[in-house]
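**Q** Could you work out the structure for the sequence below:
(one chain, ligands or ions: 2)
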Amino acid sequence: MSSESLANLLKEERRFPPPAEVAAAANVTAESYARATADRLAFWAEQARRLTWSTTPQETLDWSNPPFAKWFADGELNVAYNCVDRHVEAGLGDRVAIHFEGEPGDTRTLTYAELQQEVCKAANALTSLGVEAGDRVAIYMPMIPETVVAMLACARVGAPHSVVFGGFSADALATRIEDADARVVITADGGYRRGKPNALKPAVDEAVSRTPNVRNVLVVRRTGQPVDWTEGRDLWWHETVDGQSAEHTPRAFPAEHPLFILYTSGTTGKPKGILHTSGGYLTQVAYTHHAVFDLKPETDVYWCTADVGWVTGHSYIVYGPLANGATEVLYEGTPDTPHQGRWWEIVQKYGVTILYTAPTAIRTCMKWGDDIPARFDLSSLRILGSVGEPINPEAWVWYRRTIGADRTPVVDTWWQTETGAIMISPLPGVTAAKPGSAQVPLPGIAATVVDEEANEVPNGSGGYLVLSEPWPSMLRTIWGDDQRYLDTYWSRFENRYFAGDGAKKDEDGDIWLLGRVDDVMLVSGHNISTTEVESALVSHPKVAEAAVVGAADPTTGQAIVAFVILRGSAAEDDGLTEELRAHVGQALGPIAKPKRVLAVAELPKTRSGKIMRRLLRNVAENKELGDVTTLTDTTVMDLIQAKLPHAS
Ligand code: ATP
Ligand code: MG
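**A** Ligands and ions are numbered 1, 2, ... in the order given. Just a heads-up that it's a prediction; the model follows:
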């Protein structure tokens, strides 16, 4: 971004106050919110008491060597015990922890008592394979209960896991195994995706042939498809785990014991191995899951549609919900298998009350049409959440109206792999929601927007989103690379964590995320956010999805190039560009009008569903694409390139 701050173009006047019945019974009320924000450290010390510690921490934060934080450092706990055993000990062993729904329609229910037995057996199996506290274990799995069990078993024995998304190539897996120096890999023969078995074991075989430090590969039989077998190295889960004792005494680890390494999505470049530790992380994921989703563990059925290969799956499928004793749905497959109503069928079947998903999925459902969710009973839903990208106001309003019967609060949660847990979000019983805005830092969190010189911007202006105080679930470093940790996050602004995202404060001081600062466009001396122009395009009835980039332009510095996916029946014609340019001009002003508009069939997205604008910018500027390893489908780029007349 240049020294000029981000232009503040979008005007969104719609407001959705908390429904009275939600506000009246909310976990966090307006009054408790005010108390919580008064003393940050006292607040987090209090939240740490949600957990069961074998040594209660006396110290809250050690910030004597910034930016290397220690939270609750003199405390000791076992993360898996907190997520499983303590609920059984509290008499909740019969409560359902996981309703598993396989893509082919097979189901499995795991109570907390059953989960405890499975985790204990798996922990004993890891120990029998020589896995010790501190050893790294890579997990490359479909979305099945054994994946959750494997993660918790690692946590139980103190072996940090590195979960690699099951859609990644052998190459991506090998680099991650190598970077974390994992000694054991847990995988499956395959999983079900789009109606067919999707093999995983071949990628592991290929990756492990290049990573000689891997001693064992533990393989869950999920699909029954044929697999190659390396005697002595490969072991079936059912032969290795099932026969183990279901008794296992959890050992307490220091709060700062590493819990996992997770690589970022790679939207802006090469993925970074983010290190998270135990006590602070679990405190914040448990608190935020309780507060943001207003979780009532006795009655709610919670469903997060993310893959466990992403941080959302770690914090809001595994650690947060289970630490809180929630009942949750785990779904293996894609939203359109065998039909485009599959998600809504699942909501109806299990009576899901809280749904947490991503803008990309919401926009896809919008594109498929309102009649699909209308065929199902969604009346159980009471809270809807969004994460992963800025949610366009139109998509937000559609989500609330079509999925939430115009009644449910929608919480737009901003956070990152690095933050470990939600940082900025409305609270369903407190905040009058504004479609498209994540709005307010949660209690205990200090976030603001600053200009180039690190001064806080006044309300009504844009700049850089920063976190000005350490938080319990913050990353501790980039695995094996403290210098990169310092350079990436702590060098841009002194004593402040720089998130890499642009943001603005509106007239009320609420925060709006405006996309990556790397993506901000500079047009005739004005900084313009990708998010605002995309949201203006998505608010046009013909547009389902949009991605905009600034491409080098001889007259204006950069010119806005828009890539749009049209809604079902809309056709691309000569008038389209003019119509959309005029629409954006109307919404945001003439400066934000795209110079070119291209209708495309698909947009390049990471496997976690985020639009990769850097690739589109390179296409628009006729440059080499760069790192595409985290792209879902590389053929998408060929189609887009073919479409673009090489003009510039
Ligand atoms: P990399 O850091 O490797 O480029 P990534 O940033 O895409 O990958 P993640 O940690 O999965 O990896 O994504 C975090 C980013 O997602 C945030 O920095 C932000 O840009 C975006 N994001 C997440 N939630 C929201 C939200 N509610 N509103 C706006 N942006 C969001
Ligand atoms: Mg990032």
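**Q** can you pull the pLDDT of the residue nearest the centre of the chain?
**A** In the chain, the centroid-proximal residue (Cα atoms, centre = their mean) is residue 312; its distance is 3.5 Å. pLDDT, residue 312: 98.
**Q** shouldn't it be in contact with residue 306?
**A** Yes. At 3.7 Å, residue 312 and residue 306 qualify as touching, with contact defined as Cβ atoms under 8 Å. Using the backbone N, CA and C atoms, a C-beta is placed for each residue, glycine as well.
**Q** Now list whatever residues contact both of the two.
**A** Here residue 312 and residue 306 have 356, 358, 387, 608 as joint contacts, going by Cβ atoms under 8 Å, 6 or more residues apart in numbering.
**Q** Run the chain-centre distance for the helix or strand where residue 348 lies.
**A** Residue 348 belongs to helix 342-350 when assigned by DSSP states H and E. Centre-to-centre, helix 342-350 and its host chain are 22 Å apart (Cα atoms, centre = their mean, to the nearest Å).
**Q** Give me the contacts around that helix.
**A** Under Cβ under 8 Å, 6+ apart, the answer for helix 342-350 is 99, 101, 301, 303, 305, 329, 331, 333-336, 352, 355, 365, 372-373, 375-378, 380-381, 403.
**Q** same deal with stretch 222-229?
**A** Against stretch 222-229 from outside (Cβ under 8 Å, 6+ apart): 142, 144, 146, 188-192, 197-199, 201-202, 205, 219.
**Q** mind running it again at 7 Å?
**A** For stretch 222-229, contacts defined as Cβ atoms under 7 Å, 6 or more residues apart in numbering pick out 142, 144, 188, 189, 190, 191, 192, 197, 199, 201, 205, 219.
**Q** count of neighbours near residue 45?
**A** Neighbourhood size, residue 45 [other Cβ atoms under 10 Å]: 19.
**Q** thinking it is in contact with residue 60, fair?
**A** Yes. Taking contacts as Cβ atoms under 7 Å, residue 45 lies within contact range of residue 60: 4.7 Å.
**Q** Tell me where the stretch 151-300 of the chain has strands.
**A** 161-163, 184-188, 190-193, 196-199, 216-220, 234-236, 253-254, 258-263, 273-277 (DSSP state E, counting those that start in this stretch).
**Q** And for residue 552, the neighbour number?
**A** That count, for residue 552 with other Cβ under 10 Å as the rule, works out to 14.
**Q** Quick check: the gap between the closest residue to it other than its chain neighbours and residue 170.
**A** Closest residue in space to residue 552, ignoring its immediate chain neighbours: residue 621 at 5.5 Å, by Cβ to Cβ, 6 or more residues apart in numbering. Applying Cβ to Cβ, to the nearest Å, the value for residue 621 to residue 170 is 31 Å.
**Q** Just list what the longest helix that the chain contains packs against, helices and strands only.
**A** In the chain, assigned by DSSP state H, the helix with the most residues is helix 112-128. Here helix 112-128 touches strand 96-101, helix 145-157, going by 3 or more Cβ pairs under 7 Å, 6 or more residues apart in numbering; DSSP states H and E.
**Q** so which of the ones you listed is the most packed in?
**A** Comparing these on average neighbours per residue, with mean count of other Cβ atoms under 10 Å, the densest one is helix 145-157 at a mean of 27.
**Q** which of the residues in stretch 181-199 are buried?
**A** 182-193, 197-199 (16 or more other Cβ atoms under 10 Å).
**Q** can you list the residues of the stretch 251-400 of the chain near ligand 1?
**A** Neighbours of ligand 1 within the stretch 251-400 of the chain, by Cβ under 6 Å from any ligand atom: 264, 265, 266, 267, 268, 269, 271, 311, 387, 388, 389, 390.
**Q** Show the buried residues in the residues you listed.
**A** Those of those that meet the buried threshold are 264, 265, 266, 267, 268, 271, 311, 387, 388, 389, 390, by 16+ other Cβ under 10 Å.
**Q** Show me the protein divided up by domain.
**A** Domains of the chain are assigned by the TED database as 110-251, 524-643.
**Q** Please produce CSV containing those domains, extended by mean pLDDT.
**A** Formatted as CSV, those follow (pLDDT from 0 to 100):
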stretch, mean pLDDT
domain 110-251, 97
domain 524-643, 89
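**Q** could you show me where the helices are in the stretch 501-648 of the chain, in order?
**A** For the stretch 501-648 of the chain, the helices defined by DSSP state H, counting those that start in this stretch cover 530-538, 574-588, 613-620, 635-643.
**Q** will you turn those into a markdown table that also has mean neighbour count?
**A** Formatted as a markdown table, those follow (neighbours: other Cβ atoms under 10 Å):
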| stretch | mean neighbour count |
| --- | --- |
| helix 530-538 | 27 |
| helix 574-588 | 16 |
| helix 613-620 | 24 |
| helix 635-643 | 14 |
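**Q** Arrange those in CSV, one row each, with distance to ligand 1 as further columns.
**A** Below are these laid out as CSV (distance: least, Cβ to the nearest ligand atom, whole Å):
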stretch, distance to ligand 1
helix 530-538, 8
helix 574-588, 18
helix 613-620, 9
helix 635-643, 17
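**Q** The stretch 401-550 of the chain: strands as residue ranges?
**A** 410-412, 447-450, 462-467, 477-478, 497-505, 511-516, 521-523, 526-528, 543-553.
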